[in-house]
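1. Need a 3D model of the sequence below.
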Amino acid sequence: MKIIDRIPTLAGRALLAAALCAAAGCSLFETRSPQNPINAGSTFEAPTTPTVVLRNLESAIGSANANDYRKCFSDTSRGLPRFIFTPAPQGAAADPAKFADWGIEQEEQYIRNIFSELQPGAVCSVIFSPGDVTDVPIADSVQFSARYSVSFPHMRQGAEREARGLLQFTFRQSRQNEWYITSWRDIASDTSATWSLIKARFVDK
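-> Numbering: from 1, shown residues only. Predicted structure coming up:
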């Protein structure tokens, strides 16, 4: 006969269960701090055009999905050039060493750090203008320029939450006929914080 079956009353059984739970280090009644779900809510589309890549980038930021974000950028395993980011002078001045060898690993790391520090329930956003890539491809690449406005409602003190400026993307087509961003140049448009500055703040934990 099990020990708990020998307890004659329901109240007694509840007391014994609570005692056993406490002895085993049970955390049934402990509250846990909510965590931001990195990589939740994927709506990633096959990147068959540069416009789809842009849409995937917007969606990955809006849903805080670091995996989908990374998939927007070129990977040498697909026969594409290594991803390159050229910061705006404002961001480079914040810490030149951080951008000396910036590649896809750093691109993924900064976005993961931001997503892990978002305010509870917060939603990131980015707006590109224009929002579609209408430039004509030259061979297997497309040059695209746009204004951007991005918001990261994070909790890190002393780090910018919003940025705006201009950007230049180079899209390249892979051997599988899929498109990726192979280079990104950030350009300041006024005295506002640029995306480069946010990357500089968050590439390190």
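
2. contacts, neighbours, all on C-alpha from now
-> OK.

3. What residue spans form the domains of this protein?
-> 1-32, 50-202 (automatic domain parsing).

4. Let me know the average pLDDT across the shortest one.
-> In other words, domain 1-32. Mean per-residue pLDDT for domain 1-32: 43.

5. Am I right that residue 56 is in a strand?
-> No: applying DSSP: H, G, I helix; E, B strand; the rest coil, one finds residue 56 to be helix, outside a strand.

6. and the spatially closest residue to it that is not a sequence neighbour, what is it in contact with?
-> Nearest non-adjacent residue to residue 56, counting by CA to CA, 6 or more residues apart in numbering: residue 44, 5.7 Å away. For residue 44, the contact set (CA atoms under 8 Å, 6 or more residues apart in numbering) comprises 56, 59, 60, 68.

7. Any idea which of the domains of the chain has the lowest pLDDT on average?
-> domain 1-32 (a mean of 43).

8. can you give me the strands for this protein?
-> Here the chain has its strands, by DSSP state E, at 84-86, 125-129, 141-151, 162-173, 179-187.

9. Tell me which of the ones you listed lies nearest to residue 49.
-> Of all those, strand 179-187 sits nearest to residue 49, with 6.0 Å by CA to CA.

10. So which other helices or strands are in contact with the closest one?
-> If you count contacts as 3 or more CA pairs under 8 Å, 6 or more residues apart in numbering; DSSP states H and E, strand 179-187 packs onto helix 50-62, strand 84-86, strand 162-173.

11. distance of the closest residue to residue 201 other than its chain neighbours from residue 182?
-> Excluding its sequence neighbours, the residue lying closest to residue 201 (CA to CA, 6+ apart) is residue 159, at 6.3 Å. From residue 159 over to residue 182 the distance is 27 Å, taken as CA to CA, to the nearest Å.

12. if you count what's nearby, which of the two comes out ahead?
-> The neighbour count for residue 159 versus residue 182, taken as other CA atoms under 10 Å, is higher for residue 182 (24 against 14).

13. Surely the more buried one touches residue 173?
-> No: using CA atoms under 8 Å as the test, residue 182 is too far from residue 173 to be in contact (9.5 Å).

14. quick one: residue 91 and residue 192 touch, right?
-> No: judged on CA under 8 Å, residue 91 makes no contact with residue 192 at a distance of 11.4 Å.

15. Looking at those two, which is more packed in?
-> More neighbours surround residue 91 than the other of residue 91 and residue 192, with 24 against 12 (other CA under 10 Å).

16. mind listing the helices for the protein?
-> For the chain, applying DSSP state H gives helices covering 10-23, 50-62, 66-70, 89-94, 104-116, 195-202.
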